[in-house]
Structures are given as structure tokens and as C-alpha cells.
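A.B. asks: Sequence plus predicted model, see below.
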Amino acid sequence: MRKLVKILLVIVLLGLLAGSLYFLVQRNQQPPEQFETESVIRGTVINKAVATGSIVPRKEVVIKSRVSGVVEKLHVQAGEIVESGALLAKIKVVPDAVALNSARAQYEMAKISASNAELELNRRRKLYREKLISKDEYEKYRFDFDMKLEEQESSLSNLELIRDGGNGASGSVSNEIRSTVIGMVLDVPVKQGDTVTETNNFNEGTTIASIADMTDMIFTGTVDESEVGRIEEGMALKISIGAIEDKFFEGVLEFISPKGVKTDGAVLFEIRAAIVADSDSTIRAGYSANADIVLDRRDNVLTLDERALRFSDDGVFVLEQLGEQEFARQEVTTGLSDGIRIEIIEGVAEGATVRVP
């Protein structure tokens, strides 16, 4: 019995010893290192500059009031198409009290002067018919009457303009705001009852409406100073609009500003580009957009992820995979890059697998 117990103890001890040895070996054994790899494939590399901006009409006209007063009635709203000369709004004139009193006084004085000139002309006409005065003297009084009559009409027109905002005799009504162009009404920033001021040399005046030709849209944006020297007018653009997903619009660069503007520490240059019309999509003014300006491109060339490149004093190289976890240094010649993938001119073949650090 004792002999059997001793044998069992020896077996248990040997088992524990074997388990401990196996555990220590497994703990000290390092797993094989795994490396990320990339393949050399054919593709297109496009080097481009990116401009951020928005879509705006090429021609947008702001219609302002020519008189001060209160908006009596609006005849249009945003989104309507109007013709040139269409009535947009009517302004109820609130005349300046001092100017109105002055105009009334001038008109009354002009009426009195015209009336006195008419009486004097009638007296001189009678004397002329009786041949008591010469024709030249008579004509002088007739001319004076005509001048006084003209002054009366002029003062009346001025009074009507200040009081009513228009001249009934000439048919020109300045309190009627009319469109000067054909297009779509983009915005009517005033409401009925709002107070408006006239536009003059000292005052910009109140905007009644903005009108634009929505069939001729352009992209306006900015590019960084590091890229502006690489672009030129006439270059093609691919424009993506935030509100229209999965669609690009063609454009042609028309303008590059000769002067940069410093914004948040960066110098930006304004650019403008014509958008090729697309009847299938509705483009609205103010859409945010990005434009890719193609600087250079390579089609059907060998390309590789730029992360796989390594640099030394001798040049650029990659670690090409020869076998399982086996890599060899291979010098390469690179070409155009788009910031993610780069053109491989020579050094490795299509389909080669290289290590990515």
C-alpha cells in the first residue's frame, strides 16, 4: 500500500513539473511579428488644388428705394420671375416738414409772380395793339410771362415730388419701385409697413429686393497662397455641392484675384469659375461648394500607398515581400502624388507586395 502511494506521489510531482515547464516555455515564447502590407496596383493619380466657397449668380441686382417713407404694398415675393419694369413695391411718402413747407412757399410765390406777369402782359398787349409801344418791348413782357409760368410749373412739380413722391404731369412716380432687370427675385428684405430711406450721395438707402439671373451661376471661393501659383485661368474644375449628393458639376476657372487676403493667419486668394449648365439639377444661390482644380494627372500607372515609402540618404526605397515574414529592400523611383497614393515609375512590378511601416 505504501509503495502504491509513493508511485502516485511521484506521478503527481512529475505532472506538476511538466506543467510548470510548459507554462514557462509558452510565456517566454514570442509570437511571430505581423506586418501590414500593400500591393502595387494600376490606377489614376490626380494632383489637385481644393477651393472652398459657394454658388452665386453671376449678375445680382439690388433694387433700392428712391424716396423715404413707409412700404405701402409689396407686389412680389422671393422666388418669382419678374420682367424689367415690373412693379415690386409702392412706398407711401412721409415728407420732411421743413422741405414741404419750403416747397409750398416757393409754389405760392411762383403763382403770384406768374399772375402779376400775366396782368402786365395783358396791359402791354393792349398798348401794342394801339401801337403805343414797339413789338420788341411787347415781346419782352411776353417772354417774362412765359418764364414766370415755367417757374410756377417747376415749383409745382417739386411740391408734388416732395409731397407725393411723384410728378403727375410727367408720369414719373418715384414711390413706385420697379425692377430694372429680368430675373428671379432672390430676397425681399422689407415687409409692408416698414420704414425705408432713399438712396442718395450720402445714404445707401433701403434695399427693397434683390434680383438675379439664375440661369448663369458661378462658383466663387478661395485657394491658399501655396497653391495659387500653380493654377491659371482656363483650367477645368470639378465642383461638388453640399446639398446635392453624389454629383459633380464641371466648371472653368475664369478669374484669380491678384491680391490675397489674410484670414486666420493664412493668405487666401479669391477665384471665380463658370459652372456648366445642368438641366437635371436645381442650383440655388448660396449653396456651399468645393472645387477640385486639376493641376496634373497620370492615368493607368503603377501606384502605391505613400505610407509604404521609406527614405534614406541614398533615396527612396520600399521593403518588398519575398516570402512569409521575409522582406528585402528595393529602391524605387516615384512620380506624381495625390497625398495618399503615389506613382511608381520603376523599382517594383505590378502586383508586388510591400511592407507598410
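C.D. replies: Now that the structure is in, tell me what you want to look at.
A.B. asks: give me the element residue 204 is part of.
C.D. replies: For residue 204, there is no host helix or strand (DSSP states H and E).
A.B. asks: who's in contact with the nearest residue in space to it that is not next to it in sequence?
C.D. replies: Nearest non-adjacent residue to residue 204, counting by C-beta to C-beta, 6 or more residues apart in numbering: residue 64, 7.4 Å away. Glycine gets a C-beta too; all of them are placed from N, C-alpha and C. Counting by C-beta atoms under 8 Å, 6 or more residues apart in numbering, residue 64 makes contact with 199, 204, 205, 206, 207, 208.
A.B. asks: Show me the beta-bridge partners of residue 64.
C.D. replies: residue 207 (DSSP bridges).
A.B. asks: Tell me, what's the model's pLDDT at it?
C.D. replies: What the model reports as pLDDT for residue 64 is 93.
A.B. asks: The one 4 residues further on now?
C.D. replies: Each residue has a pLDDT score; the one for residue 68 is 83.
A.B. asks: cool, and residue 223?
C.D. replies: 93.
A.B. asks: try residue 13
C.D. replies: Residue 13 is given a pLDDT of 68.
A.B. asks: cool, and residue 34?
C.D. replies: On the pLDDT scale, residue 34 is placed at 73.
A.B. asks: go on, the one 3 residues further on?
C.D. replies: Note on residue 37: pLDDT of 90.
A.B. asks: now swap in residue 97 and tell me
C.D. replies: At residue 97, pLDDT is 69.
A.B. asks: cool, and residue 42?
C.D. replies: pLDDT, read off for residue 42, is 94.
A.B. asks: Give the full set of residues in contact with it.
C.D. replies: 300, 301, 302, 303, 350.
A.B. asks: and which of those residues is nearest to residue 193?
C.D. replies: When those are compared for distance to residue 193 (C-beta to C-beta), residue 303 wins out at 65.1 Å.
A.B. asks: ok but that closest one is inside a strand, no?
C.D. replies: Yes. When classified by DSSP: H, G, I helix; E, B strand; the rest coil, residue 303 is found to be part of a strand.
A.B. asks: Give the buried subset of the contacts of residue 64 as a PyMOL selection command.
C.D. replies: Command for PyMOL, covering only those of the contacts of residue 64 found buried under the criterion 16 or more other C-beta atoms under 10 Å:
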select buried, resi 199+205+206+207+208
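A.B. asks: before we move on, back to that, show the buried residues in the contacts of residue 42.
C.D. replies: For the contacts of residue 42, buried by 16+ other C-beta under 10 Å: 301, 302, 303.
A.B. asks: Distance from the chain centre to the longest helix along the chain, please.
C.D. replies: The helix that spans the most residues within the chain, counting by DSSP state H, is helix 97-129. For helix 97-129, the separation from the chain centroid amounts to 59 Å (computed by C-alpha atoms, centre = their mean, to the nearest Å).
A.B. asks: name the helices or strands packed onto it?
C.D. replies: helix 135-164 (3 or more C-beta pairs under 8 Å, 6 or more residues apart in numbering; DSSP states H and E).
A.B. asks: Tell me what angle the helix it packs on forms with helix 97-129.
C.D. replies: Orientation check (axes from the mean of the first three to the mean of the last three C-alpha atoms, to 10 degrees): helix 135-164 against helix 97-129 gives 160 degrees.
A.B. asks: how about residue 43, secondary structure?
C.D. replies: Quick answer, by three-state DSSP: residue 43 is strand.
A.B. asks: Does it have any beta-bridge partners, and if so which?
C.D. replies: Beta bridges link residue 43 to residue 301 when assigned by DSSP bridges.
A.B. asks: what does residue 346 give?
C.D. replies: Under the criterion used (DSSP bridges), residue 346 bridges to residue 333.
A.B. asks: Surely it and residue 333 touch.
C.D. replies: Yes. Counting by C-beta atoms under 8 Å, residue 333 is a contact partner of residue 346 at 4.8 Å.
A.B. asks: ranges for the strands of the stretch 201-350 of the chain?
C.D. replies: For the stretch 201-350 of the chain, the strands defined by DSSP state E, counting those that start in this stretch cover 207-212, 217-224, 236-241, 248-263, 266-275, 288-305, 310-312, 315-323, 326-331, 333-337, 341-346.
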